[in-house]
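J.: Output the structure for:
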Amino acid sequence: MYTDRRNTGETTSQERRDSTQPDLRVLGHVVQCDGARAVIAAEADHEDGSATGLWAVGKMISINLATSRTVGLVYSLNKTDRRWATDSRNSIEVNVELIGEVRDDPTSGKPMFDRGITSYPYIGAIAHRIRARDLAAVYDLAGRRSVTIGQLSQDESIAACIAIDDTLNRHFAVLGTTGVGKSTAVALLLRKAIEARPDLRVLILDPHNEFAPSLPDHAIRIDTGSLDLPFWLFRLEEFTEVLFRGRERVDEEVDLLRDLIPLAKLTYRNPGATAYLKRGGDAITADTPVPYRVVDLLKQIDERMGLLDSKNDRPAYRSLRNRIEAAVNDPRYRFMFHSRLIEDTIHETIGKIFRVPHQGKQVTCFELAGMPSEVVNSVCSVLARLAFDLALWSEGKLKLLVLCEEAHRYMPADARLGFAPTRHAMSRIAKEGRKYGCFLGVVSQRPGELDPTILSQCSTVFAMRLANEQDQAIIRSAIADSSASTLSFLSSMGQREAIAFGEGVATTMRLKFEKIPAHLLPGVAKKLAAGDEPGEAGDIDLVTIVERLRNVPRLTQTATLGEPVSAVKQAGESEYRRPQPPQPTQLHPDKERPQRAGTVGFRPFYD
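T.: Now for the predicted structure:
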């Protein structure tokens, strides 16, 4: 209703309007109140019959009391008779959820916000849309170091800020369905975090290879072509996952590996000391990150197979040997079994992956798209485990953020799915990492499929649009009761919008992330390279695609005994077979014959 200041006005001490404000404005009165919610009677239109948007879902309102102003969030509107009158004013009921209260500081006069309610609104208390000054106080971080990541959805003139230290130190999660801008929000958060924390190192587990182009000034990329991750850094469980390639493990072969790997490690360190190891004089185990050679491991297997007392175990030894040889000869596993990786390169490997020293680039984008699917779990387990151990043994000097894109792949809610060592390594970071400077960032489009233990450790959550009811229930169980009505917007929020709640914000906040330049959007570089505009797709190079699919070394041209064939033409096409003229010189009979075309020149390093 309209109120004339000359006659009634606001009767409380909360009057803060100045002479530039109009004498008349829309007000409401409290007609019902309980411990968490209140109902306000108001008018939906002006005296001239035009509708007002001051009472709308998602808006903040203020209820004036004697010494404070109660802050509420409008979550529903109702007109009791369900009819719109054109010849009279239209009364409505405004349902609000009580969030907290604002008080003016006695000395400075600055508004201060406190969560919770100490003085509940009384019947007849005056309510109106919250003023910008009080709204800014609601989201004030009380002196904590903050960064601006966007604007409030309710009032774009007010910056949306987060406490960056609390957001990182106590882990955070970005959740939302596909296409709402999760990756863009993550790229923005990383930029802000690096600016505020220059000492921070970031390791991104990137399954879509999209973050490196969005952070060109801060990131290096590591893919299967540039990765050097020695096999001897893998623990026994991780190494057997590689050998068995995701299939069920054979316990007999795992037990044999548990006994043979320490012998191979000691042989590399001190040849001839096997007997000393058998007496228990060395602390080397199958999990100790000490280099060893596959040739020594295979030699131990051959020696065991030749013993008379192990004739019953020969099938297991033979099967284990075949698995090891198959993995070593697989060109997709060159990043593990390359010949140069048998040396003690742990310092170089860890320094490159975790940016010690960072040399101006604190972010490592670990691209997993081209990596064999059966080895991704083991690699992620090794990286997460090393991240925690580095932070632990650096005594807090190394600040490291592990960001998991598509986190439900590595940390599924169903314990029967996924890889147990990876889940344990991530869970260790989530539970204990903040004590040592190792932080966790979780990004997922399906929070319902994410391990609830790990998600519960994320003290700050950015919930973007979620349409699935199960995913909404997960968020609803994590948010405070006083802000539960905010989640009613989860299924209808726009692009770049999010609801932030937890330790990193003062109170539950609906915000819109800042825009970042179009050329820095995650994944846009691949779209531009592929010509993603309609009608501009360009030619498809099928030869290059097949070469990448095979992922085998390119053969060198040598003298052959048969006719060479084209690598591009197919059988039946012209010029498929192109005989070359005879060589001017003949090979000497005593000299070695050249290698025949079609034989792969890849030799395992243990030969």
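J.: quick one: low-confidence parts of the stretch 101-250 of the chain?
T.: Low-confidence segments of the stretch 101-250 of the chain (pLDDT under 70): none present.
J.: Spell out, range by range, the strands that occur in the stretch 301-450 of the chain.
T.: Assigned strands in the stretch 301-450 of the chain, in chain order: 363-367, 399-404, 438-444 (criterion: DSSP state E, counting those that start in this stretch).
J.: Next one: the residue nearest to residue 377 when sequence neighbours are not counted from residue 445, what distance?
T.: Spatial nearest neighbour of residue 377, excluding adjacent residues (Cβ to Cβ, 6 or more residues apart in numbering): residue 419 at 3.5 Å. Yep, even glycine has a C-beta here, placed from its N, CA and C like the rest. Distance, residue 419 to residue 445, by Cβ to Cβ, to the nearest Å: 20 Å.
J.: got it, and residue 285?
T.: In this view, residue 285 and residue 445 are 39 Å apart by Cβ to Cβ.
J.: okay, these two: which has more neighbours?
T.: Taking neighbours as other Cβ atoms under 10 Å, residue 285 and residue 445 compare with residue 445 leading, 22 against 13.
J.: I'd say residue 470 and residue 450 touch.
T.: No. Using Cβ atoms under 8 Å, residue 470 makes no contact with residue 450, being 11.1 Å away.
J.: Who has more neighbours out of the two?
T.: Remark: of residue 470 and residue 450, residue 450 carries more neighbours, 25 against 11, as counted by other Cβ under 10 Å.
J.: Would you mind listing the buried residues in the lengthiest helix in the chain?
T.: Counting residues, the longest helix found in the chain (DSSP state H) is helix 373-393. For helix 373-393, the neighbour count (16 or more other Cβ atoms under 10 Å) marks 374-392 as buried.
J.: got the phi/psi numbers for residue 31?
T.: Per-residue torsions, residue 31: phi -120, psi -10 (degrees, to the nearest 10).
J.: Give the closest residue to it in space, chain neighbours not counted.
T.: Closest to residue 31 by Cβ to Cβ, 6+ apart is residue 41, at 4.6 Å.
J.: Is the one you found in a helix, a strand, or coil?
T.: Judged by DSSP: H, G, I helix; E, B strand; the rest coil, the three-state class of residue 41 is strand.
J.: what about it, neighbour count?
T.: If you count neighbours by other Cβ under 10 Å, residue 41 ends up with 16.
J.: and it, what does it touch?
T.: Neighbouring residues of residue 41 by Cβ atoms under 8 Å, 6 or more residues apart in numbering: 28-31, 91-94.
J.: Please, a ChimeraX command that selects the buried ones among those residues?
T.: Command for ChimeraX that selects the buried part of the contacts of residue 41, burial taken from 16+ other Cβ under 10 Å:
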select :28,30,91,92,93,94
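J.: Please list the members of the contacts of residue 41 that lie in strands.
T.: Members of the contacts of residue 41 lying in strands (criterion: DSSP state E): 28-31, 91-94.
J.: related to what we said a few turns ago, CA atoms only for the longest helix of the chain - export them in CSV, please.
T.: Output of helix 373-393 as CSV, limited to C-alpha atoms (Å, rounded to 0.1, in the frame of the first residue of the first chain):
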residue,chain,number,x,y,z
SER,A,373,41.0,-45.3,-20.6
GLU,A,374,42.3,-48.3,-18.7
VAL,A,375,45.3,-46.3,-17.3
VAL,A,376,43.6,-43.0,-16.5
ASN,A,377,42.5,-44.2,-13.0
SER,A,378,46.0,-45.3,-12.1
VAL,A,379,47.5,-42.0,-13.3
CYS,A,380,45.0,-39.9,-11.4
SER,A,381,45.7,-42.0,-8.3
VAL,A,382,49.5,-41.4,-8.6
LEU,A,383,49.0,-37.7,-9.1
ALA,A,384,46.6,-37.2,-6.2
ARG,A,385,48.8,-39.3,-3.9
LEU,A,386,52.0,-37.3,-4.9
ALA,A,387,50.1,-34.0,-4.4
PHE,A,388,49.2,-34.8,-0.8
ASP,A,389,52.7,-36.2,0.0
LEU,A,390,54.4,-33.2,-1.4
ALA,A,391,52.2,-30.8,0.6
LEU,A,392,52.7,-32.9,3.7
TRP,A,393,56.5,-33.2,3.5
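J.: The residue lying closest to residue 100 once chain neighbours are set aside and residue 170, how far apart?
T.: Leaving aside its chain neighbours, residue 100 sits nearest to residue 115 (4.6 Å; criterion: Cβ to Cβ, 6+ apart). According to Cβ to Cβ, residue 115 stands 18 Å off from residue 170.
J.: These two: which is more packed in?
T.: Set residue 115 next to residue 170 and count neighbours by other Cβ under 10 Å: residue 170 wins out with 19 against 15.
J.: contacts for stretch 74-86?
T.: Contacts of stretch 74-86 (Cβ under 8 Å, 6+ apart): 44, 49, 55-61, 90-97, 485-486, 488.
J.: pLDDT weak spots in this protein?
T.: Counting by pLDDT under 70, the ranges of the chain that qualify are 1-26, 48-49, 272-282, 308-309, 339-342, 480-486, 525-538, 548-607.
J.: Quick check: buried residues in the host helix or strand of residue 259?
T.: Counting by DSSP states H and E, the element that carries residue 259 is helix 251-269. Neighbour counts over helix 251-269 (16+ other Cβ under 10 Å) mark 253-254, 256-257, 260-268 as buried.
J.: Quick one: distance of it to the chain centre.
T.: Centroid separation between helix 251-269 and its chain, computed with Cα atoms, centre = their mean, to the nearest Å, is 35 Å.
J.: cool, stretch 367-382 as well?
T.: 15 Å.
J.: Then stretch 204-215?
T.: Per Cα atoms, centre = their mean, the displacement of stretch 204-215 from the mean C-alpha position of its chain is 10 Å.
J.: Kindly report the same for stretch 157-165.
T.: Offset of stretch 157-165 from its chain centre (Cα atoms, centre = their mean): 21 Å.
J.: now the residue nearest to residue 377: how far from residue 352?
T.: Taking Cβ to Cβ, one finds residue 419 at 24 Å from residue 352.
J.: These two: which is more packed in?
T.: Using other Cβ under 10 Å as the criterion, residue 419 and residue 352 rank with residue 419 on top: 21 against 16.
J.: contacting residues for that one?
T.: Residue 419 is in contact with 241, 377-378, 380-381, 410, counting by Cβ under 8 Å, 6+ apart.
J.: Would you convert the residues you listed into JSON lines that also reports distance to residue 338?
T.: Shown next, in JSON lines, are the contacts of residue 419 (distance: Cβ to Cβ, whole Å):
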{"residue": "241", "distance to residue 338": "19"}
{"residue": "377", "distance to residue 338": "21"}
{"residue": "378", "distance to residue 338": "17"}
{"residue": "380", "distance to residue 338": "20"}
{"residue": "381", "distance to residue 338": "20"}
{"residue": "410", "distance to residue 338": "25"}
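J.: now, among those, which is nearest to residue 103?
T.: Top of the list for closeness to residue 103, among the contacts of residue 419 and by Cβ to Cβ, is residue 410 at 46.1 Å.
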